[in-house]
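**Q** turn this into a model:
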Amino acid sequence: MTTDDLQDSWVDPRDVLPWLPSEPYFAPQSRREEVVQELGGAGFTVLEAELADVTTESDLLKVLGRALSAPDHYGENWDALTDILRDRGAETPFRIALVLSSSAVFLGADVHGFVRSVSLLHTIAQDLSDVDDEYGQLELFYLADWKS
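**A** Got it, this is the predicted structure:
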């Protein structure tokens, strides 16, 4: 897929899953299978990360590194994570849906770390899909038994 192809075929996750709230996408854990199947059917490479044991940003970065098949030299920091995604999209633009299950565990353990991570991940996703230097489409889905 070329950058032009990606721009011409951008997929709005809310077209695929119309019940989703506005970004950031916080969805019920009970709909994980639907999220994974529908996004996969819409052309996303679905990568899943289980956050049931995540209590710190460092834990999250390790889990994300595994989900992205990070190389052994992965530095487990936000810049290294961004580099992995840039490297991945440099040859062929990507369309990735990153599904983060059991997200409320991290939220309950470290509110600041969770909110900071959501913010940083969304900044990374926006930067990677900038039309001037596009690497792909990265969409983030936080699944848990959210309370209203």
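
**Q** any idea which helix or strand in the chain has the lowest mean pLDDT?
**A** When each helix and strand of the chain is scored by mean pLDDT, DSSP states H and E, helix 3-8 comes last, with a mean of 56.

**Q** who's in contact with the host helix or strand of Asp87?
**A** Asp87 belongs to helix 78-91 when assigned by DSSP states H and E. The contact list for helix 78-91, computed with C-beta atoms under 8 Å, 6 or more residues apart in numbering, reads 61, 64-65, 68, 70-71, 74, 94, 96, 120, 124, 127-128, 134-136, 138. Every C-beta, even on glycine, is put in place using the N, C-alpha and C of the backbone.

**Q** where do the strands sit along the protein?
**A** With DSSP state E, the ranges of strands along the chain come out as 25-28, 45-50, 94-101, 136-144.

**Q** now tabulate the ones you listed in a markdown table and tack on distance to Leu107 and mean neighbour count.
**A** A markdown table is the format used below for these (distance: least, C-beta to C-beta, whole Å; neighbours: other C-beta atoms under 10 Å):
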| stretch | distance to Leu107 | mean neighbour count |
| --- | --- | --- |
| strand 25-28 | 10 | 18 |
| strand 45-50 | 15 | 16 |
| strand 94-101 | 11 | 22 |
| strand 136-144 | 7 | 22 |
